[in-house]
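Visitor: Got a sequence here, can you model it:
(one chain, ligands or ions: 1)
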Amino acid sequence: MITNEPVAEWPEVSTREKIVLALMPFGVPLMPPLGISCLKTYLQQHRYTNVKTVNFLVAPGIQDEYAAYFRTLGEGFTGDEGAVTGNYYYDRGHNVLNNHMMAYLNHNDEEKYIHLVKQLIYTHFFITVDEPLVRRLHGVVERFYHRFERLLARFLEDEKPDVLGLSVSRDGLPASLFAFRVAREKFPHTRTVMGGSVFFDYLAPGTPGFELFLESTRGSIDKIIIGEGELLLLKLLQGKLPRGRRVYGAADIGGEILDLETAGIPDFSDFDLSYFPYLGAYTSRSCPYQCSFCAETLGWGKYRKKSARQVASELQELHGLYDRQLYFMGDSLLNPIITPLARELVKDDRSLYWDGYLRVDRHACDPEKTMLWRRGGFYRARMGLESGSQRILDMMDKQITVEQTKKAISALAYAGIKTTTFWVVGHPGETEDDFQLTLDLLETLKDDLYEAFCIPFTYNLIGQAKSDEWRRTNTSIPLYPEDAVDVLFIQAWTMDCKPSREETNRRSLRFIRHLKKLGIPYPHIFSEVIAAEERWKTLHENAVPSQAEFMERSRYIDENKQIHPLMFVRNTLQDDSDFNF
Ligand code: SF4
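Guide: Numbering: from 1, shown residues only. Model (predicted):
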């Protein structure tokens, strides 16, 4: 149930008024923000023409502060170099950084605050750091907020928005709340609205943190939108949502969902595209599957997709407008469209490359299909392989087999498509034997893995497909001290089950050491990406061009049009009928 309390009315926003949609730090800027660019297009289609989008992730100095925090945090590690690089370190580190930033904003007792940051580091890394290091981290956070406040105030002064809308993920939550406070303090007449993926998991309605969040932000955030943004934001601006409310969701528009055929292409015209290796696009919303640990379907609702012809012509239109060849597809999953889309793009003289999430399925096991995808510009498959244990894959409802995983990875690598793979470590019920099977599978596949990322299992009280079942069958234990929740807003949870969080952490570090031993990259920073790309080229004759080649932009890349089959022992899985979307 969505909590509501009486709020001041929001008069209809006229189509002439200025609307600013923004994304706040932190994060790695892969592409200009897709969500707010889609919202801009949609609002413009409905006569709201005075819309500006802005990405503070790439504002001057912001990435320097981000790097400084992780550099400083890394000083607390001794002896295990593998632990302070790659996605494991940054993923865990983001949990520390986000909570630290929130604690900085809300604390009123210095001693407790310093102690809390130490606890946060221990909770996520199981290491104990000394107070001087915590004070240095505090210095980085303080400097960030000072710098960010100056940037923000100048921006708001220049733009003078009538409406400020922030799209917020977990990693952007503290800076977004700060931005709302600054806006309310310095520009009290600006109406404020917040949406984004943070409401799909960490701040899902029904979590204790959500109630606290509503209470604490009443003075700075006028309206909150939960779910797909386009229809809800438009109706909010038009004054068509129920009055006197603060929180809105899909039920307030009768469960209506966006028609993707008419939604248009994202508008990136406000961004300096030279910052980004990719442009963004999408073919669908939501996912036709429901893996146990995933919150995707609960956030986006019913699965929908565009036709391959429409997506191909949208990519061509984006290329015509922005002259970029490399696209990141923001879909949960490309399987339902990948083959028809590749066929459409093979017919086109242009070479457009696209990267996105893919599941193991029969088609991915077929080298003829992967070669077709490669010729159609498919650049990188981001795949949740999760585990080398069939028992665990079945517990996750992954609906794949380990044998299919092997075939799919080989067939993709054969075509030179980068295989970015994600592995869940510590899923409830994972035994040492199951984990060993994962390590064994990494070894078997090592030359066909472009990169591998360890994802320690995380339990959300609400939001994952199996949250309800897990909540019923296990005791949920709060991760952070109860008396810190009014400072952090978000309480994270763990389950009283095996493997424990400590054991999951040990296995994660073993996973990383194993990657290192096998020479499988787990890159995060640019120099690590370059090294991974060089390795891929030495391993695979059909390897796709590097990201750096696309960023050079001095030449047009069309090598996909000349890709030819190599010798390959063809597997026999040819049935086209197993994927009935
Ligand atoms: S993990 Fe991937 S395939 Fe599974 S539900 Fe989430 S998005 Fe869909």
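Visitor: Pull the distance from the helix or strand where residue 514 lies to the chain's centre.
Guide: Using DSSP states H and E, residue 514 sits within helix 501-518. Between the mean C-alpha point of helix 501-518 and the mean C-alpha point of its chain there is a distance of 23 Å (CA atoms, centre = their mean, to the nearest Å).
Visitor: going forward, begin numbering at 262 instead of 1
Guide: In the new count, where the first residue is 262, that last one comes out as helix 762-779.
Visitor: Tell me which residues of that helix come out buried.
Guide: By 16 or more other CB atoms under 10 Å, the buried positions in helix 762-779 come out as 762, 765, 766, 767, 768, 769, 770, 771, 772, 773, 775, 776. Glycine gets a C-beta too; all of them are placed from N, C-alpha and C.
Visitor: after that helix comes which helix or strand?
Guide: helix 787-800.
Visitor: tell me what that following helix is packed against?
Guide: Helix 787-800 sits against helix 808-813, with contacts defined as 3 or more CB pairs under 8 Å, 6 or more residues apart in numbering; DSSP states H and E.
Visitor: one step back: can I have the helix holding residue 775 written out in PDB, keeping just the CAs?
Guide: In PDB, the C-alpha atoms belonging to helix 762-779 read as follows (Å, rounded to 0.1, in the frame of the first residue of the first chain):
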ATOM      1  CA  ARG A 762      27.200 -13.000   4.600                       C
ATOM      2  CA  GLU A 763      30.800 -13.600   5.900                       C
ATOM      3  CA  GLU A 764      31.000 -16.900   3.900                       C
ATOM      4  CA  THR A 765      29.600 -15.100   0.800                       C
ATOM      5  CA  ASN A 766      32.300 -12.500   1.200                       C
ATOM      6  CA  ARG A 767      35.000 -15.100   1.500                       C
ATOM      7  CA  ARG A 768      33.700 -16.900  -1.600                       C
ATOM      8  CA  SER A 769      33.500 -13.600  -3.500                       C
ATOM      9  CA  LEU A 770      37.200 -12.900  -2.700                       C
ATOM     10  CA  ARG A 771      38.000 -16.500  -3.800                       C
ATOM     11  CA  PHE A 772      36.100 -15.900  -7.000                       C
ATOM     12  CA  ILE A 773      38.200 -12.800  -7.700                       C
ATOM     13  CA  ARG A 774      41.500 -14.600  -7.000                       C
ATOM     14  CA  HIS A 775      40.400 -17.400  -9.300                       C
ATOM     15  CA  LEU A 776      39.700 -14.900 -12.100                       C
ATOM     16  CA  LYS A 777      43.100 -13.400 -11.600                       C
ATOM     17  CA  LYS A 778      44.800 -16.800 -11.700                       C
ATOM     18  CA  LEU A 779      42.900 -17.700 -14.900                       C
END
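Visitor: Summarise which helices and strands it is packed against.
Guide: Here helix 762-779 touches helix 347-367, strand 679-686, helix 693-706, strand 712-717, going by 3+ CB pairs under 8 Å, 6+ apart.
Visitor: Report the mean per-residue pLDDT for the next helix or strand after the shortest one.
Guide: This means strand 712-717. Next along the chain after strand 712-717, taking DSSP H and E as the criterion, comes helix 728-734. Across helix 728-734, the average pLDDT comes to 88.
Visitor: Could I get the buried residue list for helix 728-734?
Guide: Neighbour counts over helix 728-734 (16+ other CB under 10 Å) mark 728, 731, 732 as buried.
Visitor: can I get the residues you listed in TSV with distance to the ligand?
Guide: As requested, those are exported to TSV (distance: CB to the nearest ligand atom, whole Å):
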residue	distance to the ligand
728	13
731	16
732	19
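Visitor: quick one: secondary structure of residue 642?
Guide: Secondary structure, DSSP: H, G, I helix; E, B strand; the rest coil: residue 642 is strand.
Visitor: What about it, how many residues nearby?
Guide: Residues lying near residue 642 (other CB atoms under 10 Å) number 27.
Visitor: wait, doesn't it sit right on residue 680?
Guide: Yes. Between residue 642 and residue 680 there is a contact under CB atoms under 8 Å: 5.6 Å.
Visitor: which neighbours do the two share?
Guide: Taking CB atoms under 8 Å, 6 or more residues apart in numbering as the contact rule, residue 642 and residue 680 both touch residue 673.
Visitor: Next, format the helices and strands packed on helix 762-779 as TSV and append mean pLDDT and distance to residue 562.
Guide: Compiled in TSV, these are given as follows (pLDDT from 0 to 100; distance: least, CB to CB, whole Å):
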stretch	mean pLDDT	distance to residue 562
helix 347-367	92	26
strand 679-686	98	24
helix 693-706	98	32
strand 712-717	95	24
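Visitor: List just the one of those that sits closest to the ligand.
Guide: Nearest to the ligand among the helices and strands packed on helix 762-779 is strand 679-686; the distance by CB to the nearest ligand atom comes to 8.8 Å.
Visitor: hmm, who's touching that closest one?
Guide: Counting by CB under 8 Å, 6+ apart, residues outside strand 679-686 touching it are 554, 616, 640-648, 657, 670, 673-674, 696, 699, 703, 709-718, 765, 768-769, 772, 797, 804-805.
Visitor: Which ones among those residues also lie next to the ligand?
Guide: residue 645 (CB under 6 Å from any ligand atom).
Visitor: Quick check: residues of this structure near the ligand?
Guide: So the chain meets the ligand at 548, 550, 551, 552, 555, 557, 593, 594, 620, 645 (CB under 6 Å from any ligand atom).
Visitor: Could you give the number of residues near residue 583?
Guide: Neighbours around residue 583, by other CB under 10 Å: 14.
Visitor: for residue 636, same thing?
Guide: Residues near residue 636, counting by other CB under 10 Å, number 19.
Visitor: Now for it: which residues touch it?
Guide: Residue 636 touches 603, 607, 821, 822, 824, counting by CB under 8 Å, 6+ apart.
Visitor: Select only the buried ones of the residues you listed in ChimeraX?
Guide: In ChimeraX, this line selects whichever of the contacts of residue 636 come out buried by 16+ other CB under 10 Å:
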select :603,607,821,824
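Visitor: quick one: which of the contacts of residue 636 is nearest to the ligand?
Guide: residue 603 (19.8 Å).
Visitor: Tell me the spacing between the closest one and residue 534.
Guide: 25 Å (CB to CB, to the nearest Å).
Visitor: residue ranges of the helices in the stretch 262-411 of the chain, please?
Guide: Assigned by DSSP state H, counting those that start in this stretch, the helices in the stretch 262-411 of the chain fall at 295-306, 323-335, 347-367, 371-386, 392-420.
Visitor: Need the ones you listed in JSON lines (columns: mean neighbour count).
Guide: JSON lines is the format used below for the helices of the stretch 262-411 of the chain (neighbours: other CB atoms under 10 Å):
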{"stretch": "helix 295-306", "mean neighbour count": "22"}
{"stretch": "helix 323-335", "mean neighbour count": "18"}
{"stretch": "helix 347-367", "mean neighbour count": "20"}
{"stretch": "helix 371-386", "mean neighbour count": "18"}
{"stretch": "helix 392-420", "mean neighbour count": "16"}
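Visitor: Contacts only, for residue 737.
Guide: Contacts of residue 737 (CB under 8 Å, 6+ apart): 720, 722, 754, 755, 756, 757.
Visitor: just residue 337 next, same as before
Guide: Contacts of residue 337 by CB under 8 Å, 6+ apart are 382, 386, 388, 390, 394.
Visitor: do the same with residue 318
Guide: By CB under 8 Å, 6+ apart, residue 318 lies in contact with 284, 285, 286, 287, 288, 290, 324.
Visitor: residues in contact with the helix holding residue 775?
Guide: 341, 343-344, 347, 349, 386-387, 684, 686-687, 691, 696, 699-700, 703-704, 707, 713, 715, 717-718, 755, 760, 782-783.
Visitor: For ChimeraX, write a command that selects the buried ones of the contacts of strand 679-686.
Guide: To isolate the buried members of these in ChimeraX, using 16+ other CB under 10 Å:
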select :554,616,640,641,642,643,644,645,646,647,648,657,670,673,674,696,699,703,709,710,711,712,713,714,715,716,717,718,765,768,769,772,797,804,805
